[in-house]
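Undergrad: structural data only, the sequence is not supplied:
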C-alpha cells in the first residue's frame, strides 16, 4: 500500500513538474468576422436625366430622401455591407469652381480624424470625365472614400462612401477595397447626357 502511495505521489509530482513550463499564456488578439464578398457583376442605371453609369447587382439605387428637390441625387446602397455611396449632381453654369471648393471642404471636415489623405487624378478625355478620388485613412474616419467628377462645362457629380456602423477602418478595409473597385467601375462607365 505504501509503495502504491509513493508511486502515486511521484506520478503527481512528475505531472506538476512537466506541466509547468516557460510558456506564458497570452490572450489572443481580437479578431474580426470573415466577410464573404460577392462576385462582381454590373447593371446599367439609365433612368437619370443627366447621366448614366453601371453599378453592382448586389447594390440598390434609392433616391436621396434628404434632398427631394434634387432629381439627379441618388444613393447606391450596399445592404450586405451597411454601406452607401451618396451621389449628388449639379448642373454647371459658370460655377464649377464653387462646386470643386465645396467638395474640398467636405474632405477637410475629415482631417481631424484622418491619419492620411491620398488622392487619385481622374482623366478620361474620350468620355469627357475629369476629377479627383480621395482615400481617407485613419481610425474613426466617417467617410473613407470620396470623389468628384465633371466635364468642366455642364456636369458635376460628387460621391462619398459612408457605413451605418462604427467607423473602424481596420475591420472594414476589405469592404472598403471591394467597394472602391465598384466606385472605379462607376466612374469608368459614367456617361453624361
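TA: Okay, I see it. Predicted, not measured: the structure shown is a model, and the values here were computed from it. Residues are numbered from 1 along each chain as shown.
Undergrad: can you find the helix or strand in this protein with the smallest mean pLDDT?
TA: The element with the least model confidence among the helices and strands of the chain, by mean pLDDT, DSSP states H and E, is helix 2-19, at a mean of 70.
Undergrad: any weak-confidence spans in the protein?
TA: 1-3, 14, 16-25, 28-33 (pLDDT under 70).
Undergrad: how about the strands in the protein?
TA: Assigned by DSSP state E, the chain shows strands spanning 42-45, 51-56, 60-63, 74-78, 83-91, 116-124, 129-137, 145-150, 155-163, 191-192.
Undergrad: the nearest residue to residue 71 once chain neighbours are set aside and residue 10: what is the separation?
TA: Excluding its sequence neighbours, the residue lying closest to residue 71 (Cβ to Cβ, 6 or more residues apart in numbering) is residue 49, at 6.6 Å. Quick note: C-beta positions are derived from backbone N, CA and C, even for glycine. Note on residue 49: its distance to residue 10, by Cβ to Cβ, to the nearest Å, is 89 Å.
Undergrad: residue 174 too?
TA: Distance check for residue 174 against residue 10: by Cβ to Cβ, it reads 55 Å.
Undergrad: neighbour count winner among those two?
TA: Set residue 174 next to residue 10 and count neighbours by other Cβ atoms under 10 Å: residue 174 wins out with 13 against 10.
Undergrad: OK, contacts around that one?
TA: Listed by Cβ atoms under 8 Å, 6 or more residues apart in numbering, the contact set of residue 174 reads 35, 37.
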